[in-house]
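Asks: Sequence and predicted model, in that order:
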Amino acid sequence: GAVVSQHPSWVICKSGTSVKIECRSLDFQATTMFWYRQFPKQSLMLMATSNEGSKATYEQGVEKDKFLINHASLTLSTLTVTSAHPEDSSFYICSAREWSGLLTYEQYFGPGTRLTVT
Amino acid sequence: DAKTTQPPSMDCAEGRAANLPCNHSTISGNEYVYWYRQIHSQGPQYIIHGLKNNETNEMASLIITEDRKSSTLILPHATLRDTAVYYCIVRVGGNQFYFGTGTSLTVIP
């Protein structure tokens, strides 16, 4: 199957600083990428949908000025957590969509990035 | 969006078939059923998906009822490495996946 990578796999930052997380589709072109957040013992929560060359669409309750998403190419999307605070500590996961037909597709997930804000 | 309901946890003996149920009673005719699993601290892994017909691949089988209101994921010979949280997702016409709470499957030696 298609491979999605994330970098870094884990990061520790101080409160008030910004952190950038990269998501890459390694062997396919991803016109659409997605960003999720997962707190301990909880399910994945969709944060935003990112289409190449256009602005991201954020889910209700997700602050777009805090979570900046850039999808400048067909293989790279970045999530920047600005002015991070301890409550932003979470597991951030990206996914990318690969078409396998007109109506059906598979969404491939990255390995996740563990963010800890101290 | 169609919502899914899954039991929070299940156990299965190693080597036996694991049958994971999912209810999606509000599913519409053009909505697909997807199954993913997540092993602790990793990204979700695609397993299988289907619309109305039963599907089988090298990982699992997906059985969808005729009225499409429920489905069952079958792992034919569960191994310890199949211990994970399994998510049943119904995808609407758009792109997004909305994850439910999933089923935590524990395969017991």
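Replies: Thanks, I have the structure now.

Asks: Closest residue of chain A to chain B?
Replies: For chain A and chain B, the shortest gap (Cβ to the nearest Cβ) falls at A:F109, measuring 3.7 Å. To be clear about C-beta, it is placed using only N, CA and C from the backbone, and glycine gets the same treatment.

Asks: What separation is there between the residue of chain B most remote from its centre and chain A?
Replies: For chain B, the residue at maximal distance from the C-alpha centroid (Cα atoms, centre = their mean) is B:P109, at 22.1 Å. Using Cβ to the nearest Cβ, to the nearest Å, B:P109 is found at 24 Å from chain A.

Asks: pLDDT score for that residue?
Replies: With respect to pLDDT, B:P109 scores 96.

Asks: what's the burial count for the residue found closest to it once you drop the neighbours it is linked to in the chain?
Replies: Once flanking residues are discounted, B:P109 sits nearest to B:E14: 5.3 Å by Cβ to Cβ, 6 or more residues apart in numbering or on different chains. B:E14: 14 surrounding residues under other Cβ atoms under 10 Å in any protein chain shown.

Asks: Over to B:L62?
Replies: If we define neighbours as other Cβ under 10 Å, then B:L62 has 22 of them.

Asks: what's the following helix or strand after whichever helix or strand it is part of?
Replies: Here B:L62 sits within strand B:61-64, counting by DSSP states H and E. Heading C-terminal from strand B:61-64, the first helix or strand you meet, by DSSP H and E, is strand B:70-75.

Asks: Show me the contact partners of that following strand.
Replies: With contact meaning Cβ atoms under 8 Å, 6 or more residues apart in numbering or on different chains, strand B:70-75 is reached by B:12, B:17-25, B:33, B:35, B:47-48, B:50, B:59-65, B:82, B:86, B:88.

Asks: Check stretch B:12-20 too.
Replies: By Cβ under 8 Å, 6+ apart, the surrounding residues in contact with stretch B:12-20 are B:6, B:10, B:35, B:72-80, B:82, B:86, B:88, B:103, B:105-109.

Asks: Determine how far that stretch lies from the middle of the whole chain.
Replies: Distance of stretch B:12-20 from the chain centroid (Cα atoms, centre = their mean, to the nearest Å) equals 14 Å.
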